[in-house]
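In: Here is my input, please return the structure:
(chains A and B)
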Amino acid sequence: MGRLHAEEMVLNMGPQHPSTHGVLRLKLRTDGEIVSHIEPVIGYLHRSFEKHAENLEYQMITPFTGRCDYLAAIGSEHGYAMAVEKMMGIELPERVEYLRVIFAEFQRIASHLVAVGTFGLDVGAITPFIYCFRERELILDLFEMASGARLLYNYIWIGGLAHDVPPGFVEKAYEFLDAFDERVAEYNQILTGNKIFIERAADIGVMTPEVAINYGVTGPSLRASGVNIDIRRTEPYSIYDRFDFDVPLGQGLQGTIGDSWDRYYVRVLEMNESAKIIRQALDQLPVEGDVKSAIPRRIRPPKGEIYFRSENPRGELGYYIVSNGKNVPLRLKMRSPAFSNLSVINEIGQGWMISDVIAILGSLDIVLGEIDR
Amino acid sequence: MTEQEIYANLSRKFGDKVIEFMEEGTHNPTVVVDAGAIAKIVTYLKDDEKLQFDSLMNLAGHDADVETEFSVIYHLVSTELKHYITLKVFTSRDEPKVASIANIHRTADWHERETFDLYGINFEGHPDLKRILMEDDWEGYPLRKDYVPAEFYRGMRIEKVK
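Out: As a prediction, this is how the structure comes out:
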């Protein structure tokens, strides 16, 4: 006898729900407790970023980019600044490049800490979340030292940085790195190898490489499926070609390649790699250099268009900018990684229980601010 | 393969459906193609062994001016062969329509919905074309250069921006 089918029921998860990581509604079609179809309804956080951008001068857009992906504001600012700099052909001082990489990688660690912690929270592990936020606070202290802000920095400007780092910053950054490896070992002890956690995450929501590429999934979620694509490595921007780091891939250590556990574990490994990059960058950081020397007085990119992509903590962040030679962009589109990453949820979430859908959603690490823009 | 070679390849295969090659004024060399033929061209780019464009990075709408045509831009990459191509189609202001590629690259599903939402471009053959970021009953297409917001939305006054 086949499985009994109950009457289908539509269940709304969200827009206000602790496990949806923001304001997201999932329309679940359920057959008993099995989910047969998932339709994400987005747009609750739409703040018309692209419309605003068409009325703002280039340098005024920088703070807006940070507000899109608010867990990785530096990543968004970095990508935007690089896109405009490439249009204008600006050469940056070495010190700026190094400091940008240092901050971008710190931001990656901070963002992954939230991802790892909240994923644990989604599947019922409350303690690791507190541990992760403990380290994240230390990183935010470093950001506060440099930019004065803890969440939205407006720190990377077109052509340079808002300020140089204050005295004592480098020492404090080293201090963090020295302690960090041990902290990651702690997460592995309390969460990664935890039996209940593995039961909840391993083999759940397996994403094959073909599905991932077809849906435009990028970043750690793509690499968890075993696809070796990291824009920092495949088309190095900034100065990423100077650093020695690995690109962790999903290996299916607890189940199948591309399951929720892999997506979690790739992020844990990536934090170690980011720490490695930061250490190298701090070692090589040039002492001399004015971080504001290359900031142009008038930002008017020549007529033309560009699509520039960079590796944000969540995946490929692209900016499509069309300039008509004025100080305001004619068109600015942000290709946000989580937008595409979320669209795959129906494909990989079908056929699982409602509680598993929460785990799958958590493992994708979405930020609604950049999905809705 | 370089963009120039890809253009030559497409021209041979699709004749006058491939309109021109733009290298000046863009950092991503672009092939302008016919809006009705885009689905066939993207399928060919994906399936051909020498091209293997399996990933759509980005799809964006664009409105240059109140009098010009709309355009849709496709940024494609081959994850295997590591080469890139940008495609562009133009479509009229009065009746904007472009063939959908949502069934070829699933990435395009939501991106086309977004472009429909903000520009009102009709993607023919899209499985579920409806608004995605704005409310379903929103009037007008906000990113069109001649967009004028309604005065009220469900009884709430819409603030005017300069």
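In: For residue 143, list the residues it contacts.
Out: Reading this off chain A. Going by Cβ atoms under 8 Å, 6 or more residues apart in numbering or on different chains, residue A:143 touches A:74, A:103, A:106, A:107, A:149, A:150, A:153, A:155. Where C-beta positions appear, they are placed from N, C-alpha and C, glycine not excepted.
In: Chain B, not that one
Out: By Cβ under 8 Å, 6+ apart, the contact set of residue B:143 is A:50, A:51, A:54, B:61, B:63, B:118, B:119.
In: try residue B:107
Out: Residue B:107 neighbours (Cβ under 8 Å, 6+ apart): A:214, A:215, A:216, A:340, A:343, B:55, B:56, B:59.
In: how far away is it from residue A:343?
Out: In this structure, residue B:107 and residue A:343 are 7 Å apart, going by Cβ to Cβ, to the nearest Å.
In: Give the intersection of the neighbour lists for the two.
Out: Common contacts of residue B:107 and residue A:343 (Cβ under 8 Å, 6+ apart): A:215, A:216.
In: ok, back up a step: so which of the contacts of residue B:107 are in strands?
Out: In strands, defined here by DSSP state E, the members of the contacts of residue B:107 are B:55, B:56, B:59.
In: Just the buried positions in stretch A:222-236, please.
Out: A:222, A:223, A:224, A:225, A:226, A:227, A:229, A:230, A:231, A:232, A:235 (16 or more other Cβ atoms under 10 Å in any protein chain shown).
In: Now render those residues as JSON lines, adding distance to residue A:187 and pLDDT.
Out: Below are these laid out as JSON lines (distance: Cβ to Cβ, whole Å; pLDDT from 0 to 100):
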{"residue": "A:222", "distance to residue A:187": "22", "pLDDT": "92"}
{"residue": "A:223", "distance to residue A:187": "19", "pLDDT": "92"}
{"residue": "A:224", "distance to residue A:187": "17", "pLDDT": "91"}
{"residue": "A:225", "distance to residue A:187": "22", "pLDDT": "91"}
{"residue": "A:226", "distance to residue A:187": "23", "pLDDT": "89"}
{"residue": "A:227", "distance to residue A:187": "25", "pLDDT": "90"}
{"residue": "A:229", "distance to residue A:187": "25", "pLDDT": "89"}
{"residue": "A:230", "distance to residue A:187": "22", "pLDDT": "90"}
{"residue": "A:231", "distance to residue A:187": "26", "pLDDT": "90"}
{"residue": "A:232", "distance to residue A:187": "23", "pLDDT": "90"}
{"residue": "A:235", "distance to residue A:187": "31", "pLDDT": "87"}
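In: what's the closest non-adjacent residue to the closest residue to chain A within chain B?
Out: Nearest residue of chain B to chain A (Cβ to the nearest Cβ) works out as residue B:107 at 3.1 Å. Nearest non-adjacent residue to residue B:107, counting by Cβ to Cβ, 6 or more residues apart in numbering or on different chains: residue A:216, 3.1 Å away.
In: can you count the residues close to the nearest residue to residue A:337 once chain neighbours are set aside?
Out: With Cβ to Cβ, 6+ apart as the criterion, residue A:337 has its nearest non-adjacent residue at 3.1 Å, and that residue is residue A:315. Look at residue A:315: counted by other Cβ atoms under 10 Å in any protein chain shown, it has 27 neighbours.
In: Of the buried residues of stretch A:222-236, which are in range of chain B?
Out: Restricting the buried residues of stretch A:222-236 to those near chain B by Cβ under 8 Å from any Cβ of the partner chain leaves A:227, A:229.
In: wait, which of the buried residues of stretch A:222-236 is closest to residue B:146?
Out: Of all these, residue B:146 sits closest to residue A:231, with 36.6 Å by Cβ to Cβ.
In: What residues does that closest one make contact with?
Out: Taking Cβ under 8 Å, 6+ apart, we find residue A:231 in contact with A:237, A:309, A:310, A:311, A:316.
In: just residue A:177 next, same as before
Out: A:275, A:278, A:279, A:282.
In: Sort out for me which of these are in helices.
Out: Applying DSSP state H to those, the entries found in helices are A:275, A:278, A:279, A:282.
In: which residues of the stretch 201-350 of chain A fall in strands?
Out: For the stretch 201-350 of chain A, applying DSSP state E, counting those that start in this stretch gives strands covering A:304-312, A:315-323, A:331-335.
In: Low-confidence bits of chain B, can you list those?
Out: Low-confidence regions of chain B, defined by pLDDT under 70, span residues B:161-162.
In: Quick check, central residue of chain B?
Out: Geometric centre of chain B, nearest residue: residue B:72, 2.8 Å, by Cα atoms, centre = their mean.
In: I'd say that one and residue B:118 touch.
Out: No: under the criterion of Cβ atoms under 8 Å, residue B:72 is not in contact with residue B:118, lying 11.6 Å apart.
In: Could you pull up the residues touching the residue of the stretch 201-350 of chain A found nearest chain B?
Out: At 3.1 Å from chain B, residue A:216 is the closest residue in the stretch 201-350 of chain A, using Cβ to the nearest Cβ. Applying Cβ under 8 Å, 6+ apart to residue A:216 gives the contacts A:340, A:343, B:55, B:56, B:57, B:105, B:106, B:107.
In: Those residues of chain B touching chain A, which are they?
Out: Close to chain A, as judged by Cβ under 8 Å from any Cβ, chain B has residues B:25-28, B:54-58, B:60, B:62-64, B:73, B:75, B:79, B:82, B:86, B:105-107, B:109-111, B:118, B:131-135, B:142-143, B:161-162.
In: picking that back up, any shared contact partners between residue B:72 and residue B:118?
Out: Common contact partners of residue B:72 and residue B:118 (Cβ under 8 Å, 6+ apart): residue B:61.
In: Can you tell me which of the contacts of residue A:231 is closest to residue A:324?
Out: Set against residue A:324, the nearest of the contacts of residue A:231 by Cβ to Cβ is residue A:309 (22.4 Å).
In: Identify the bridge partners of that closest one.
Out: Taking DSSP bridges as the rule, residue A:309 bridges to residue A:318.
In: quick one: residue A:112 from residue A:298, how far?
Out: Per Cβ to Cβ, residue A:112 is found 38 Å from residue A:298.
In: Would you quantify the distance from the residue nearest to residue A:299 when sequence neighbours are not counted to residue A:100?
Out: Leaving out its chain neighbours, the residue that sits closest to residue A:299 by Cβ to Cβ, 6+ apart is residue A:58, at 4.2 Å. Per Cβ to Cβ, residue A:58 is found 18 Å from residue A:100.
In: what do you get for residue B:58?
Out: For residue B:58, the distance to residue A:100 (Cβ to Cβ) stands at 23 Å.
In: Quick one: distance of the host helix or strand of residue B:114 to the chain centre.
Out: Using DSSP states H and E, the element containing residue B:114 is helix B:107-119. Offset of helix B:107-119 from its chain centre (Cα atoms, centre = their mean, to the nearest Å): 9 Å.
In: Repeat that for stretch A:274-293.
Out: On the basis of Cα atoms, centre = their mean, stretch A:274-293 sits 22 Å off its chain's mean C-alpha point.
In: got the contact list for residue 70?
Out: Going with chain A. A:151, A:152, A:367, A:369.
In: Chain B was what I was after
Out: So residue B:70 contacts B:61, B:62, B:63, B:90, B:91, B:92, B:93, B:96, B:119, B:121 (Cβ under 8 Å, 6+ apart).
In: from the ones in helices among the contacts of residue A:177, which is closest to residue A:304?
Out: residue A:278 (34.5 Å).
In: quick one: pLDDT of that closest one?
Out: Residue A:278 carries a pLDDT value of 93.
In: Was I right to think it contacts residue A:108?
Out: No: here residue A:278 does not reach residue A:108: they are 9.4 Å apart, not a contact under Cβ under 8 Å.
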